[in-house]
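Engineer: only geometry, no sequence info:
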């Protein structure tokens, strides 16, 4: 928790009166009254810090496919947003977020359900780490999109033992 820098320090060089006065510090470095909110928030977090010790982690992990962010398509972001809203608001199930690049944390989190929203171009290393985790620890792995594309958007029949054979979408259009 904390303050974003552009909210803390004003930009008095900006040529926009609506934006240039946003901030907790004035141009001369003195604090506006709003700065007290940040100090109060920090004090509050210090008072309740013991509530965060020994807490039970969520049993659902949401793996964000960052490799998809380098694409011009917002598939992973849109799917993740919808998934979090559906889980949290509609189902009252809270998920723990984890990056596809930090899957080693799964061993300490031990989720029962791992969801990968719209993984379109998911890395092979991340896919191998997820399937290895599920094989070793159990649980359910759910992909909400195609798992047949590698990180370079090439069709790849990956992990056929876990996912089955890759089916071309043109073959399923007549089903």
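Structural biologist: Yes, it's here. None of these values were measured; they are calculated from a predicted model. Numbering: from 1, shown residues only.

Engineer: Residue 60: how many residues sit nearby?
Structural biologist: Number of residues near residue 60 (other C-beta atoms under 10 Å) recorded here: 19. Placement of C-beta: from N, CA and C, glycine included.

Engineer: Surely it and residue 87 touch.
Structural biologist: Yes - in this structure, residue 60 is within contact of residue 87 by C-beta atoms under 8 Å, at 6.9 Å.

Engineer: three-state assignment of the residue of the chain positioned farthest from its centre?
Structural biologist: Distance from the C-alpha centroid of the chain, by C-alpha atoms, centre = their mean, peaks at residue 28 (38.2 Å). Following DSSP: H, G, I helix; E, B strand; the rest coil, the label given to residue 28 is coil.

Engineer: now do the one 10 residues further on
Structural biologist: The three-state label given to residue 38 by three-state DSSP is helix.

Engineer: Quick check: the gap between it and residue 140.
Structural biologist: Plainly put, residue 38 is 41 Å away from residue 140 if you go by C-beta to C-beta, to the nearest Å.

Engineer: If you count surrounding residues, which of those two has more?
Structural biologist: residue 38 (16 against 11).

Engineer: Am I right that the more buried one is in contact with residue 25?
Structural biologist: No - if you go by C-beta under 8 Å, residue 38 and residue 25 don't touch, sitting 10.7 Å apart.

Engineer: Grab the nearest non-local neighbour of residue 71.
Structural biologist: Excluding the flanking residues, the one nearest residue 71 by C-beta to C-beta, 6 or more residues apart in numbering is residue 121, at 6.6 Å.

Engineer: where does that neighbour fall, phi/psi-wise?
Structural biologist: When read as degrees, to the nearest 10, the backbone of residue 121 gives phi -110, psi 70.

Engineer: burial measure for it, as a count.
Structural biologist: Other residues lying near residue 121 total 20 when counted by other C-beta under 10 Å.

Engineer: show me the contacts for residue 133.
Structural biologist: Applying C-beta atoms under 8 Å, 6 or more residues apart in numbering, we find residue 133 in contact with 103, 106-107, 114, 139.

Engineer: Looking at the residues you listed, spot the one nearest residue 154.
Structural biologist: Nearest to residue 154 among the contacts of residue 133 is residue 103, at 21.9 Å by C-beta to C-beta.

Engineer: re the thing from before, counting neighbours, which of the contacts of residue 133 end up buried?
Structural biologist: The neighbour-count test (16 or more other C-beta atoms under 10 Å) applied to the contacts of residue 133 identifies 103, 106, 114, 139 as buried.
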